[in-house]
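*Asks:* got a predicted model here, sequence first, then my questions.
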There are 2 protein chains.
Amino acid sequence: MTSSAPPAATVGILGGGQLARMLAEAGHPLGLAFRVVDPKPGASASRVTEQVVADYDSTDALAALADCDVVTCDFENVPADALAALEARVPVRPSARALAAAQDRWVEKNRFQALDMATAEFARVDSRPELLEAIDRIGLPAVLKTRRMGYDGKGQFVLKTAEDLEPAWQALGDRPLILEQWVPFDHECSITVVRGTDGAKRFYPLTRTWHADGILRLAVAPCPAADRLRAEAERMAGALADDLDYVGCLTLELFADGDRLLANEFAPRAHNSAHWTIEGARCSQFENHLRAVCGWPLGDPGLREGISVMFNFIGDLPDRSVWLAVDGLAWHDYGKTARSGRKVGHATLSAPDVGSLKALRAGLDGELSATVREALDSILS
Amino acid sequence: MTSSAPPAATVGILGGGQLARMLAEAGHPLGLAFRVVDPKPGASASRVTEQVVADYDSTDALAALADCDVVTCDFENVPADALAALEARVPVRPSARALAAAQDRWVEKNRFQALDMATAEFARVDSRPELLEAIDRIGLPAVLKTRRMGYDGKGQFVLKTAEDLEPAWQALGDRPLILEQWVPFDHECSITVVRGTDGAKRFYPLTRTWHADGILRLAVAPCPAADRLRAEAERMAGALADDLDYVGCLTLELFADGDRLLANEFAPRAHNSAHWTIEGARCSQFENHLRAVCGWPLGDPGLREGISVMFNFIGDLPDRSVWLAVDGLAWHDYGKTARSGRKVGHATLSAPDVGSLKALRAGLDGELSATVREALDSILS
């Protein structure tokens, strides 16, 4: 005798980090069940749902995921073979093809150009002569990046002068690389689109972002410059999602310079810059990703609050009692042990308008780094 | 090697129904872990957190809960002995004393009067002569109720004429009873207060409610008559919470007649009439209950959306694809098998204002019962 009904659907997730955790948190009210595969025991998502401890390309992983109703990913660098094997047995959304498109920066940038999305200049670098040739053409400063497996600023070097070449080449030269022009820009921003199995698309408001050491620190939505940038951002993200026959949420990161937008990279999954949507939007990126991959109607990505600010917690969590005392603040603890450079949580502060947000934010004055405080002031003043 | 940190706290819950489930859903982002005790395997909350299958007063239950950081309940009729044993070993919030105050309608109503909270007339009924005497004094119509264990209209009979006495007495006469005057009223409403370990109190907006067959069907927040009723509702709920040295969320159900409010009953736990707070308030009743019982700062109970309407799903879930297609609608599936009279889920439709809500609600026209449609029209027109 049990009082429980079968779940509305069981969603398998490759990767058990905080994105998988927040997918499960968003899906539980919808009646969804989750099965997360991650080789590391005690992954962030294991606190809120079932984790199968297995390598992504193992037969254990395949067996655990094959009888789910649909499979999705919480990171883009899932081994291609593992996905191909899965796709033969269960719907994988977004598809292996869509993930592959984000796994290689060279392929990604070429797709951007083919879709008439402006980018910084870039060049493929497979040898030292090719690097010199690329610098000759593109000039300095430039950024040398691995084509694969980079995230949060890992696997990249900024080349300001000729002296920076040698250490960068020593560190990265054994792998396929890409050199990207270092473009001056006013600010960074990103846009999240959700696309359904029927091709329907809905766009979240443009979000302004600030990074330090390659890691997102702060996001504000809506981006103050949204009025003049939004249409082009939506055109780009929409073209990309359609081209990939994408299902789920996809975030496109952009550089804004005046009225011009340059596509930087995209993430075929839930994205840190859209965590504010949990409280600030009428349907979060996590819920909309699930609605899409389950083939359900998409939710409203519009604002629920006038303005939302997301603070990333890197390394360790700040003093909870100070943060929770601020009205309108939502706290997200990923249950991860503290470690330098690690994303261990975030908080979102939402308010009906900029004035109210300024007043609330005063409660955090002693808690914010100079960089974050300055960034926030530039928006709120 | 594990990547997970200890939980911010482990909360034990007596009862594993949908209220325990929604507590866990609200607590996961906060980094809380949960252990739910329920004698029925596969309880609603077991889908989202650990369930210990055990009777509430068993040594297994005691052992499972004693090493939690704090224990709370998802229903008020927890055996008093079980709570007393627990309180000797772990903080129980709200306390056994607060729960006891809600377990007996006679005790409850006397407390209301002592706190200067108006009530309908009532009389204790322990014998047939006492029933006749009570009717003589209070008059008909009246409602005969068991003093203990009643919920969702169970254990009560409306007495309209003298003919109704005999069947009611046959059904209930073996238990301690209370006779309550049947009061004419304009509408029902309820107010939820959260009170912290330090005695701080915050009030949710007054909510208008509609019941049928003793079960809540529809809730609208804020209650249109809130301007003239709110102060007295807050005074009553606040006095009650203070008197009980209450910790957590408490909901007081009220009858409104003109400018007059009569206290009907209170629930020492999260309450169905405040489910709309998950999306419609800046901090939900579930999160605030957890903040309170953990001794954390209380969250903002203010409105995040201008108006929220909650529809209860009784018996079975309606067609998900129709409901999810409505913008601004949040879906809550409790994972329970369908059964007549059972609460299996709810949906909350939120909008910035009444006009927008009317437009959105059109998508549900074919889905609502005549009673609910009529109730909603009386608010939205």
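*Replies:* Cool, got the structure.

*Asks:* what about the nearest residue to A:Asp365 once chain neighbours are set aside, how many residues nearby?
*Replies:* Distances taken as CB to CB, 6 or more residues apart in numbering or on different chains place A:Arg373 nearest to A:Asp365, at 7.5 Å, with adjacent residues excluded. The C-beta positions use only the backbone N, C-alpha and C, and glycine is treated the same way. Using other CB atoms under 10 Å in any protein chain shown, A:Arg373 has 16 other residues around it.

*Asks:* how about the residues of the stretch 1-150 of chain A near chain B?
*Replies:* Applying CB under 8 Å from any CB of the partner chain, one finds that the stretch 1-150 of chain A approaches chain B through A:1-5, A:7-8, A:21-22, A:25, A:28-31, A:33, A:40-44, A:46-49.

*Asks:* stretch A:338-355 near chain B at all?
*Replies:* Yes: counting by CB under 8 Å from any CB, chain B is contacted by stretch A:338-355 at A:Ala338, A:Val344, A:Gly345, A:Ser350.

*Asks:* show me the contacts for A:Ser369.
*Replies:* For A:Ser369, the contacting residues are A:Arg217, by CB atoms under 8 Å, 6 or more residues apart in numbering or on different chains.

*Asks:* hmm, I was thinking of A:Trp210
*Replies:* A:Trp210 neighbours (CB under 8 Å, 6+ apart): A:His187, A:Glu188, A:Leu216, A:Arg217, A:Leu218, A:Ala219, A:Thr371, A:Val372, A:Ala375.

*Asks:* got a pLDDT number for the residue nearest to A:Asp365?
*Replies:* According to the prediction, A:Arg373 has pLDDT 94.

*Asks:* tell me the domain ranges of chain A?
*Replies:* A:9-92, A:121-181, A:187-380 (automatic domain parsing).

*Asks:* what's the local residue count around A:Gly199?
*Replies:* So A:Gly199, with other CB under 10 Å, has 11 neighbours.

*Asks:* how about the nearest residue to it, chain neighbours excluded?
*Replies:* A:Asp242 is the one closest to A:Gly199 (CB to CB, 6+ apart), at 7.2 Å.

*Asks:* these two touch, right, that neighbour and A:Gly196?
*Replies:* No: the pair A:Asp242 / A:Gly196 is not scored as a contact, 11.9 Å apart, by CB atoms under 8 Å.

*Asks:* neighbour count winner among the two?
*Replies:* A:Gly196 (21 against 14).

*Asks:* now the end-to-end length of stretch A:85-96.
*Replies:* 10 Å (CA to CA, to the nearest Å).

*Asks:* beta partners for the residue in the stretch 201-350 of chain A that chain B sits nearest to?
*Replies:* Closest approach between the stretch 201-350 of chain A and chain B, counting by CB to the nearest CB: A:Asp333, at 2.9 Å. In this entry, A:Asp333 is beta-bridged to A:Gly345, by DSSP bridges.

*Asks:* what ranges does chain A have for its helices?
*Replies:* A:18-27, A:59-66, A:80-87, A:96-103, A:105-114, A:128-138, A:165-172, A:226-243, A:277-280, A:285-293, A:320-324, A:354-361, A:370-380 (DSSP state H).

*Asks:* if we can go back for a sec, which one of the residues of stretch A:338-355 next to chain B has the most neighbours?
*Replies:* Counting by other CB under 10 Å, top hit in these: A:Ser350 with 28 neighbours.

*Asks:* and for it, nearest residue in space, chain neighbours not counted?
*Replies:* Once flanking residues are discounted, A:Ser350 sits nearest to A:Glu305: 3.8 Å by CB to CB, 6+ apart.

*Asks:* thought the one you found was touching B:Glu305?
*Replies:* No: A:Glu305 is not in contact with B:Glu305 according to CB under 8 Å; the separation is 9.1 Å.

*Asks:* so what pLDDT did the most centrally placed residue in chain A get?
*Replies:* Using CA atoms, centre = their mean, the residue of chain A that lies closest to the mean C-alpha position is A:His271, 2.4 Å off. On pLDDT, A:His271 comes in at 98.

*Asks:* burial check on the nearest residue to it once chain neighbours are set aside, number of neighbours?
*Replies:* Once flanking residues are discounted, A:His271 sits nearest to A:Thr251: 3.5 Å by CB to CB, 6+ apart. Counted with other CB under 10 Å, the neighbours of A:Thr251 add up to 23.

*Asks:* before we move on, the earlier item: which of the residues of the stretch 1-150 of chain A next to chain B are buried?
*Replies:* Among these, those buried by neighbour count (16 or more other CB atoms under 10 Å in any protein chain shown) are A:3-5, A:7-8, A:21-22, A:25, A:28-31, A:33, A:42-44, A:46-49.

*Asks:* now stretch A:184-197: how far from the chain's centre is it?
*Replies:* 10 Å (CA atoms, centre = their mean, to the nearest Å).

*Asks:* kindly report the same for stretch A:173-182.
*Replies:* 22 Å.

*Asks:* quick check: buried residues in it?
*Replies:* For stretch A:173-182, by 16+ other CB under 10 Å, it's A:Leu177, A:Ile178, A:Leu179, A:Glu180, A:Gln181, A:Trp182.

*Asks:* and those residues as TSV, adding pLDDT and distance to A:Lys154?
*Replies:* Shown next, in TSV, are those (pLDDT from 0 to 100; distance: CB to CB, whole Å):
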residue	pLDDT	distance to A:Lys154
A:Leu177	95	14
A:Ile178	96	15
A:Leu179	96	17
A:Glu180	95	15
A:Gln181	95	20
A:Trp182	93	18
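
*Asks:* need these in TSV (columns: distance to B:Asp365).
*Replies:* Compiled in TSV, the buried residues of stretch A:173-182 are given as follows (distance: CB to CB, whole Å):
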residue	distance to B:Asp365
A:Leu177	59
A:Ile178	55
A:Leu179	59
A:Glu180	54
A:Gln181	56
A:Trp182	57
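
*Asks:* adding distance to chain B, write these out as JSON lines.
*Replies:* Formatted as JSON lines, the buried residues of stretch A:173-182 follow (distance: CB to the nearest CB, whole Å):
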{"residue": "A:Leu177", "distance to chain B": "30"}
{"residue": "A:Ile178", "distance to chain B": "31"}
{"residue": "A:Leu179", "distance to chain B": "34"}
{"residue": "A:Glu180", "distance to chain B": "32"}
{"residue": "A:Gln181", "distance to chain B": "37"}
{"residue": "A:Trp182", "distance to chain B": "34"}
